[in-house]
Each structure stands twice: as C-alpha cells, then as structure tokens.
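> quick check, what structure comes out for this input:
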Amino acid sequence: MSKKLAYKASTIADIIGVNVKNVRAKLNKLKCSSITETGVGGTYKKFIFSSLPADMQEQISSHETLKKIKAASTTPAPFDSTDIEIYASKYQENPDYNRRKADKYMQLLHVMDGLAGRELENAIEIWNQEHPAMRSSYKAFMAIRKKVELQGKTVLIGKYGNRLGVTTVADAPYEYFKSLYMREGAGGADGCWRITAGEFGEKGNMSAFPSADSFMKRLRNELSPSIIYYYRHGFKKWNRKFGYYVKRDYAETMAGECWVSDHAQIDVGVIDPKTGKPTFAWLTSWQDFKTGRVLAGFYHVESPNQEHVLQSFYMAATVHGLPEYIYCDNGKDFRAKSVTGGRNQHRPKLDENEIHSLCGALNIIPIFAENYNAQAKIIERFHLCIKTDFSKHCVGYRGGNVVERPEKLAKEIKAGELMPFKHADEALTDWIFNVFNKMPSNGRLAGKSPEDAWNLENPVKRAVTKDALKLFCMRSSNDITITRNGVHDKELGVIYFAEWMVPLVGQKVYNKRDVTDYNEAWFFDAKTKEYLNTARIAGLPPAIAKDTIAREQVKEAVQIKKRAEKAIKTLGKPMAAPDTAKILTNQKAFIDKTHTPVEAQEQKQTRMRSNYAEKVTHARNNKAADGKSDNTLYSLQCELSNAESELAKAEKRIISWPSEAAAKEKDVAHWKAMVAEQKKKIAAVKARKVTKLRGGSHEEIEPAPEGGNSAVSR
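All right, here's what the predicted structure looks like:
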C-alpha cells in the first residue's frame, strides 16, 4: 500500500470493531501521523496508514484484501469452449490423486484473480489460514499463474504416477519366468521363481535378485486376470469363466446469468419401487435465478446427496447449456419454516472442493449460500408452490408437519391407495414443466409466466458436449466387476459391453449414466476413479435366425466372440518354455547358488534292546553254530521276566475310584500266578536237564513249538 494512504478514525473503528472515541484517543496518544482534508461537512483528520500500530495495519489490510477477493470471486471468467473441452477431457482422464492439484489451484487462481504484490501476499496468507489443507505460497502461486498464462489450464493437473509400472525385474528373467508360469498346468509362482533364479541369479549375490512377488507384481500390472487365467488354465476353462458368450432372446421366437439448486421432500406418500413400502420421495431441482423457470427436476427415493445435485445439473445443462454461476445451498435448515410452513429437511454436505473443480473446468462460478438464509433463494417459493398447488391435491398428502397432517392419511396408506413412484414422478414432472413454468405470475414477472420471461430474453446457449458433462452424471452403481460378457447392471437388468472391456475382465469399475437415457454409460476405474471409456447396452440376437436381419445379428455376435478370443491369445503371449532337462538343471543351479550343504560325518552304530516278542522269536528260531543250545529254558526265562514286569506295573497302579480296587487286586493275583507257574516250569526243565547229564545221555530238548509240547529227539 502507498504511504499516502490514510483513513478517518471512524473508518478504522468500523473495521476493527472498536468505539470511534477510543480509536481517536489511542491514535492521538501514540502521536500517529495525520493529514487534514476538507469535504462537504467541513475539515476532518485522516491518520496515515503507515504510522498506525502494526495490529491495526494488519486488520485494515485483511479487510481491504477480503473486499477485493469477494469482488474477484463474482467476476465470471471469459468463456472459451476449446480450452474448456481440452481441460475437461484431460481432467477426466486422470486419476483422483492427480486431480487434487487442479482442484486446489483452479479455486486459488480464481479467488486471487486481479491481485498482485503486497495485496496478493496478504490474500494468500488469509487463504492459508482459512484453508489449512490447501496451503500455498506467493512464489508457488506466481509460478503456477505464469504457467497457466503460457500453457493453459492443463498444467494444473498433477503428474503423479509417472513411475507406475516401473519394476526391478529385467526383461530377460521376466520373460523366462512368464514362460514358466504362463502355461497350462504350470507350478506356483515360488517354484517358477526358483527356476528363474537358477538361470539368472548370481551365486553369493542372490539377495539382489528380484523376489517372486516382484515378478508377479509386474505380471499383474501388464496383464489382466483374464489373460493370466487363459494361459494357466486353457481355453475351455477361460471360456467358461471369462469368455464372451452369445446370449439369445427366446421371447421373440414366440410371441431438458445464474441457476439455483435445492432439495425438497415432497409431502406425498408413494410406493417405493424397491421395497413396496410407503415412502416420501425427494426432488432435486435447478431453477433460473431471474425468470424462475425450472430447468430440471430429479425425483428420487434416496435421501439427497451430492450425486443427485450433479445429476440434476447434467439434466439441465444438456438441454439449456451452461450457466455462468450456480447457487448451491449449504446451510443446516433446508426449508425455512417461516416461508414454507414445512419441516426441517435433510441436509446433504457438499464437497466444495469438488464442486469448485468441476465448475472451474466449465468456467462456472459456484456460490454457496450462507447458513440460516433460506429466504434468499427464490427456489423456496417454488417448493411452496409444489406444496399448495400439487401436493395438497394428491392422495397420500401428509402436510408440512404433524399439526398439518390429515386424518385420512393413515386410511389411504392402509387401503393401498398411494401412487406408485413411477406414476408420481410422471405427474410431478408434468406439473412442473406444463403448469408451473407456464403459469402467469403477478409478481416481478408482471403477468408473464417463467417460460415467457425466459423466451423474451432468449439467452445465449453456452453449449458443450455430453461427454464434457459426464462427471456430473450420478454414479449409478457400486463397484462392479467386468465379466466376460461386459458389465451387468442389476438395477436395469441389462448388460453394457464394448470391446475395450475384453482384456480388462475381472477389473473393478463403476459407471455414471444419464438417468433419462440408459443406452450409454461412462465407466471409471473403481480404485483410481480414472475414466476408462464408454459402453452401450449389448443387444441380444434371436435364438433362431429366421431372416437375413436375424442372421446378421447372430453373425455379429459370433464375430465379437472371435475378436475377443483373438485379443486374449495375442496379448501377453510368452516365449516358448524351456525343456524338462533345462528346467532340472536350473533347479539344481538354484540350490547350488542359494544353499550351502553340511558335510556328512561317520555315524556311530548301536543295537537297540530287543523287546519281549523279539526275544521269544530269537529263542525259538535261532540256534548256536553247533546246534546244541537249549532255547526252551531261555524262552521260559523271558516269559518269567515279562510276568514279573507286568506284576510290578499292576502293584504300582494308582486307584482313582473305589470301584477300581477290585480290578487291581484281580490283576495282581493273575500275574502272581503267572510268575509262580513260570518258575515251576523253569525248575522242571532244570531238573530234567540235571538228570539227563547224570545218566550220561546226550539227548537235546528242542524248544516247544507255539501251542504244543516239547519234543525229545535223540
């Protein structure tokens, strides 16, 4: 600011909100420099701005800057259809993270338009305080402003994501890995990676070799799930899961300077087409600010949100072109009770950044209404007319509040007299465009109807293509998957298909469409919100080709199928796989490069103690080298040892319950008898042996066979 700039004490008092006497006393006390001027009322003193205290200077600067910002924000930018089309197209083609930069600077450039120097620095400082998430600096803003002047608005769009697809996997090992992985019956990614590492990895430096996940990440970035599935599972399985198929229709074989927007809940009960239950639907509409002509009305069951505002704008813009300003309500009370006598309405929160960005792309200045100021919008009058001239004459009218509610409403609901939603939509649309817009008004229109007032001024239509307006269409689906036949719209029961979808089968998308024309839809990537392409409803060929036209429909469907198969077979085709011998060699090489084996050592040998069964078998079947060993005694001794072991276990057994005492005593008695019996047998065998030795006999007692007696051989 110039040093000669000076203010009266009363002006300073108004700006900083302090009593003028206190301001004058403080400035005189501080001995601030002043000048004397003469006016109509006589002479008066002005205090020079530069001599004022720092806090006063800052408050005055902010006040002056804000006045210029507000003046700049209400000045429309020049309309350039070519620049709009280029920017809108580029903006829509980029993912959401690249649009954020444009969202920030489109709004900043407009607000700061016409400001320079110290004023601009002050304005940016105020901006940063009010928008902490969209901060900028004087230097950065001047650089952006210069770029836009030289190169156009497209420079505002971010360049993030340029490294998407960059990978650490070199082409040669990648192609080799793909040749292993992309074939029918191939092993898993880890196995194919090990073979590839055996071929291309360096011993002692395997940590530098890309991991299996890196290989798979590059593969999935370059090829869709559909292509990968085709090469790994074969054509038949791919065709059943991803392939386009010809669907037949068997039924044929037989037999529309400123626009204002707002929502209102219509006080007429209708039948929800989805649930079949009574509901009170909403109207999102756009109205011309001067003439009051309703340009579009979107009747919907769902609670209003930003999508409904954008969709209704699209409906108006496609018929009437673009406005220079739009006036959007963003307050808490949607309907003023003192004006309409109605209830508080649902308040959807608009994303001002997105609205600014979308409107900036089309050179539209958005204005957001202040809170608690519904009377300022002429559209509230329109809502009152709906209530008095339409709703009150309909079956199912409920009134604006509980006091106004008719007693007959409950009876009408119980008797099932409410209109279906579709009939109510048709009736309301007919009333808006053929009654309200054509009804003469004795107010500011001086006896003319809103439509007459519009036609008399004959405004210039700032037309743009439907494609430039696609982001204004309402999102008509949740995230859906591209199937082998396209995208199935469950709400309409139709399939959208275009050949660009073939290599993207399995990808998540969502669509936007004109609710009055379902034949074409715009599709966006569900993850990045990037615009992909358009698709139309796929026609169904007849089940039986009875004439030339029908045969051509079937032929075209078959051609689409063949083109889809050809695209899959061509995209992502790997090189020839190595032979089995080479694969085995690389598997061994991988082990050699990644594993250091432990040297084998001489093992100690020991014989485990034989169990009872082995001892008996040995006693019965093995004889000494001279054939004279007595195995019967040894066998009895083994049985005695086993009986003594079982007796000891029975005696040591712990009793958990009294009922187990008898069983324990029985086992102990049994094994004691067995021990005594075996001892008797051993004693008998020893006695016979002594007798034979005394008698000089050289007979040999052979071991008794199982289940039999010992036999004596001479």
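> where in the stretch 501-650 of the chain is pLDDT low?
Scanning the stretch 501-650 of the chain with the threshold set as pLDDT under 70 gives 515, 540-546, 549-551, 553-555, 571-572, 603-632.
> can you give me the helices in it?
Listed in chain order, the helices found in the stretch 501-650 of the chain under DSSP state H, counting those that start in this stretch are 548-570, 580-594, 612-621, 631-652.
> out of these, nearest to Leu5?
helix 548-570 (70.7 Å; C-beta to C-beta). No exception for glycine: its C-beta is placed from N, CA and C like everyone else's.
> the closest one - contacts with which helices or strands?
Where contact means 3 or more C-beta pairs under 8 Å, 6 or more residues apart in numbering; DSSP states H and E, helix 548-570 is packed against helix 225-241.
> contacts for the helix it packs on, please.
181-184, 186, 219-220, 242, 245, 484, 502-507, 565, 568-569, 571-572, 574 (C-beta atoms under 8 Å, 6 or more residues apart in numbering).
> equivalent analysis for stretch 564-572, please.
Counting by C-beta under 8 Å, 6+ apart, residues outside stretch 564-572 touching it are 178, 182, 222-223, 226-228, 230-231, 235, 238, 242-244, 499, 502-503.
> distance from that stretch to the middle of the chain?
Stretch 564-572 has its C-alpha centroid displaced from the chain centroid by 28 Å (C-alpha atoms, centre = their mean, to the nearest Å).
> now swap in stretch 493-507 and tell me
For stretch 493-507, the distance to the chain centre is 19 Å (C-alpha atoms, centre = their mean).
> Glu202 against Lys593, yeah?
Yes. Using C-beta atoms under 8 Å, Glu202 makes contact with Lys593 at a distance of 7.4 Å.
> out of those two, which sits in the busier spot?
Lys593 (16 against 10; other C-beta atoms under 10 Å).
> which non-adjacent residue is nearest that one?
Lys203 (4.2 Å; C-beta to C-beta, 6 or more residues apart in numbering).
> helix/strand/coil for that neighbour?
coil (DSSP: H, G, I helix; E, B strand; the rest coil).
> and the gap between it and Ala197?
11 Å (C-beta to C-beta, to the nearest Å).
> overlap of the contact sets of these two?
Common neighbours of Lys203 and Ala197 (C-beta under 8 Å, 6+ apart) are Lys593.
> so between those two, which is more surrounded?
Ala197 (24 against 9).
> might you list the low-confidence residue ranges for the stretch 151-300 of the chain?
In the stretch 151-300 of the chain, residues with pLDDT under 70: 161-165, 245-256.
> wait, what's in contact with Ala538?
So Ala538 contacts Asn485, Gly486, Val494, Ile495, Tyr496, Phe497 (C-beta under 8 Å, 6+ apart).
> burial count for Asn434?
11.
> break the chain down into its structural domains.
6-73, 259-458, 612-713 (automatic domain parsing).
> so which of the ones you listed is the most packed in?
domain 259-458 (a mean of 18; mean count of other C-beta atoms under 10 Å).
> start to end distance for it?
Start-to-end span of domain 259-458 (C-alpha to C-alpha, to the nearest Å) is 16 Å.
> which residue ranges of the stretch 351-500 of the chain form strands?
Applying DSSP state E, counting those that start in this stretch to the stretch 351-500 of the chain gives strands spanning 365-368, 419-420, 480-481, 487-489, 494-497.
> how about the ones you listed in TSV, adding mean pLDDT?
Listed next are the strands of the stretch 351-500 of the chain as TSV, based on pLDDT from 0 to 100:
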stretch	mean pLDDT
strand 365-368	75
strand 419-420	92
strand 480-481	87
strand 487-489	83
strand 494-497	84
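> coming back round to it: nearest to Pro273, of the contacts of Ala538?
When the contacts of Ala538 are compared for distance to Pro273 (C-beta to C-beta), Val494 comes out closest, at 16.8 Å.
> surely that closest one meets Ile537?
Yes. Using C-beta under 8 Å, Val494 is in contact with Ile537, at 4.8 Å.
> would you list the strands of the stretch 351-500 of the chain in TSV and tack on distance to Glu426?
Converted to TSV, those look like this (distance: least, C-beta to C-beta, whole Å):
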stretch	distance to Glu426
strand 365-368	32
strand 419-420	9
strand 480-481	29
strand 487-489	22
strand 494-497	22
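> and stretch 49-57, C-alpha only, in CSV?
Output of stretch 49-57 as CSV, limited to C-alpha atoms (Å, rounded to 0.1, in the frame of the first residue of the first chain):
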residue,chain,number,x,y,z
PHE,A,49,-1.8,4.1,7.3
SER,A,50,2.0,3.6,7.7
SER,A,51,2.0,5.4,11.1
LEU,A,52,-0.7,3.2,12.6
PRO,A,53,0.1,0.4,15.1
ALA,A,54,1.0,-2.9,13.5
ASP,A,55,-2.1,-4.7,14.6
MET,A,56,-4.3,-2.0,13.1
GLN,A,57,-2.4,-2.2,9.8
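> any chance you could map the helices in the stretch 351-500 of the chain?
Under DSSP H, counting those that start in this stretch, the stretch 351-500 of the chain gives helices at 352-361, 379-385, 408-414, 421-431, 450-457.
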